[in-house]
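Undergrad: Generate a structure from the sequence data that follows.
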Amino acid sequence: MSAEQIVNDFIKAIEAQDVDAAVAMVAPNVSYENMPMNPIVGRDAVRQTLAGFLERATEVDWRIDNQWAVGSTVINERLDRFKIGEGWLELPVAGIFEVNTDGLITLWRDYFDLGSYMSQLTALTS
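TA: Next up is the predicted model:
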């Protein structure tokens, strides 16, 4: 399976809110980096983080606007959408994924505007 297909399947698992399926696609020593926050390292930490931000959402939709794969690296521009209550949190994201020869994601790095995320989250959960 190609690196691009692995990343696409990973995103589908997140959209299905299937944390176990998503975490099964990451390496034991994965580094999940939400820029500019500190990296989240390891499967268990990624599981906890994913569960934390998915638990508020009743629906998840990550629309990929552009995606490029070069060898084991996949880069995408996405609109990550989370339905929380009656509204949608919508976050433009640039993501970088690295996949090892075992077909596991070793790096997941997302660039986004943290202020936009926080203000939308506050508005939807107040």
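Undergrad: count of residues packed around residue 82?
TA: Look at residue 82: counted by other Cβ atoms under 10 Å, it has 23 neighbours. No exception for glycine: its C-beta is placed from N, CA and C like everyone else's.
Undergrad: same question, residue 47
TA: 17.
Undergrad: Excluding covalently adjacent residues, which one is nearest to it?
TA: residue 23 (4.7 Å; Cβ to Cβ, 6 or more residues apart in numbering).
Undergrad: which stretches of the protein form strands?
TA: 26-35, 40-41, 59-70, 73-84, 87-99, 105-111 (DSSP state E).
Undergrad: okay, the ones you listed in a markdown table with distance to residue 14 and mean pLDDT next?
TA: Formatted as a markdown table, the strands of the chain follow (distance: least, Cβ to Cβ, whole Å; pLDDT from 0 to 100):
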| stretch | distance to residue 14 | mean pLDDT |
| --- | --- | --- |
| strand 26-35 | 11 | 96 |
| strand 40-41 | 15 | 98 |
| strand 59-70 | 6 | 98 |
| strand 73-84 | 9 | 98 |
| strand 87-99 | 11 | 97 |
| strand 105-111 | 10 | 98 |
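Undergrad: Serialize those to JSON lines and add fields for distance to residue 11.
TA: As requested, the strands of the chain are exported to JSON lines (distance: least, Cβ to Cβ, whole Å):
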{"stretch": "strand 26-35", "distance to residue 11": "13"}
{"stretch": "strand 40-41", "distance to residue 11": "17"}
{"stretch": "strand 59-70", "distance to residue 11": "5"}
{"stretch": "strand 73-84", "distance to residue 11": "8"}
{"stretch": "strand 87-99", "distance to residue 11": "9"}
{"stretch": "strand 105-111", "distance to residue 11": "10"}
